[in-house]
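Enquirer: need coordinates for the following:
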Amino acid sequence: MIEIKELCKSFSTENGTVEALKDVNLTIHDGDIFGIIGMSGAGKSTLVRCINMLERPTSGQILINGVDMANLHGAALREQRRKMTMIFQGFHLLMQRNCLKNVCFPMELCNMGHAAAKKRAMELLELVGLPDKATAYPAQLSGGQQQRIAIARALATDPHILLCDEATSALDPKTTHSILELIRDINKRLGITVIVITHQMQVVEDVCSHVAILDEGHVAECGEVSEVFTNPKSRAARALVFPDGGISVQDVMPTGQRLRVVFNGGSAAEIPLIAKMAMECGIPASILSASTRSIEKRAYGSMLLNIPGDEETMKRAMAYLRSFENVSVQEVNEA
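Expert: Okay, here's the model as predicted:
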């Protein structure tokens with residue numbers, strides 16, 4: 001288990017001190033696929049670099065199975081780092097080595113015998129679906145294939161934790177999906193804990209079970225992906241999940257009040273709720289925006305509605321919509 005307690009990280013610059021992380025508290029359980037998402041500059045990459053001590057925290061604790069990483073140095077830190085590994089947006093393969101030798105490289109650093117390293121490397125190439133590329137060089141591979149080789153290399157030391165820092169940001173959507181499927185498969189087969197750093201909502205929706213939303217260095221919201229993405233409570237979470245916000249439509253729809261209706265993966269999405277509300281309650285509604293998404297292979301949807309009339313009409317509309325199973329409703333007053 002990874003426990004992050006009151007973590008702070010500051011950098012000194014010519015213009016003063018920059019607080020990259022502010023009192024971050026997170027718990028990541030063994031075998032989880034945990035997403036960390038936020039806008040550029042939110043502190044995501046700094047956080048992941050603190051987890052493996054590439055950056056030393058200014059204060060706070062990072063406990064991995066009870067071991068405080070900040071107290072480790074030298075050989076003890078290197079030993080702990082062998083239990084975690086990292087893949088990046090840029091792959092960072094050794095261009096002068098073929099794929100087999102790239103995967104063997106970390107095992108060579110651990111003084112594993114040549115025959116054993118080669119055997120393990122071929123097993124990993126099989127795991128990532130590229131056994132036929134053992135003698136190919138990185139320049140001969142596509143971006144998706146290079147990332148698969150990077151994943152195989154990352155698994156060479158049998159790590160307990162895989163850190164993915166924007167690992168799919170440079171890939172096209174189809175290739176991104178295949179890499180995420182591979183990460184999910186590795187998580188299930190090996191029981192490895194995966195931390196996914198990304199700015200892409202779709203990545204978290206596709207592969208993660210839990211998510212933390214970083215905003216200006218602090219955790220704005222944290223929980224199960226299905227809960228956070230369907231009922232975001234913080235302003236930062238709503239800005240990511242519902243980029244339409246609702247404020248921007250005020251000039252278009254200056255009268256009435258706004259509701260956000262979320263279908264939480266149930267059969268309610270098949271019911272014409274807006275038409276039924278108009279016919280049964282006499283409450284018309286304008287649909288300002290609508291979207292659907294797949295989270296953990298279940299369909300979720302949301303609508304932003306404009307309800308004409310007074311506060312009593314709004315209350316009646318909310319009560320009616322909430323009478324349906326797997327539907328949540330909230331009044332929208334801000335983005």
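
Enquirer: I'd guessed residue 163 sits against residue 45; true?
Expert: No: Residue 163 lies out of contact with residue 45 (Cβ atoms under 8 Å); the separation is 10.2 Å. (Each C-beta comes from the backbone N, C-alpha and C, glycine too.)

Enquirer: who touches both of these two?
Expert: Taking Cβ atoms under 8 Å, 6 or more residues apart in numbering as the contact rule, the neighbours common to residue 163 and residue 45 are residue 197.

Enquirer: between the two, which one's more packed in?
Expert: When residue 163 is set against residue 45 and neighbours are counted by other Cβ atoms under 10 Å, the residue ahead is residue 163, at 23 against 19.

Enquirer: next, give phi and psi for residue 283.
Expert: Main-chain torsions, residue 283, degrees, to the nearest 10: phi -110, psi 110.

Enquirer: give the contact list for it.
Expert: Contacts were defined as Cβ under 8 Å, 6+ apart; by that measure residue 283 touches 277, 307, 309, 313, 316, 317, 320.

Enquirer: just the buried ones out of those residues, please.
Expert: Buried subset of the contacts of residue 283 (neighbour count, 16 or more other Cβ atoms under 10 Å): 277, 307, 313, 316, 317, 320.

Enquirer: which parts of the stretch 201-335 of the chain are helices?
Expert: All helices of the stretch 201-335 of the chain, identified by DSSP state H, counting those that start in this stretch, fall at 201-207, 225-230, 235-241, 273-281, 311-322.

Enquirer: for residue 130, find the nearest of those.
Expert: Minimum separation from residue 130 across those (Cβ to Cβ) falls at helix 201-207, 20.1 Å.

Enquirer: for the chain, which residue is closest to the average position?
Expert: By Cα atoms, centre = their mean, the chain has its centre lying nearest to residue 35, at 2.8 Å.

Enquirer: now the strand or helix carrying that residue - C-alpha only, CSV.
Expert: Here residue 35 is covered by strand 33-37, with elements defined by DSSP states H and E. C-alpha atoms of strand 33-37 as CSV (Å, rounded to 0.1, in the frame of the first residue of the first chain):
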residue,chain,number,x,y,z
ILE,A,33,-5.1,1.2,-11.0
PHE,A,34,-5.1,4.7,-9.6
GLY,A,35,-5.4,7.8,-11.8
ILE,A,36,-4.0,11.2,-11.0
ILE,A,37,-5.4,13.9,-13.3
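
Enquirer: quick check: mean pLDDT across the next helix or strand after that strand?
Expert: In the C-terminal direction, the helix or strand that comes right after strand 33-37 (DSSP H and E) is helix 44-51. Mean pLDDT, taken over the full extent of helix 44-51, equals 92.

Enquirer: any idea of the mean pLDDT for the helix or strand following helix 44-51?
Expert: Under the assignment DSSP H and E, the closest C-terminal helix or strand after helix 44-51 is strand 59-64. Across strand 59-64, pLDDT averages out at 94.

Enquirer: returning to what we had before: which other helices and strands contact the strand holding residue 35?
Expert: Counting by 3 or more Cβ pairs under 8 Å, 6 or more residues apart in numbering; DSSP states H and E, the packing neighbours recorded for strand 33-37 are helix 44-51, helix 173-190, strand 193-198, helix 201-207, strand 210-215.

Enquirer: I'm done for today, thanks for sticking with me.
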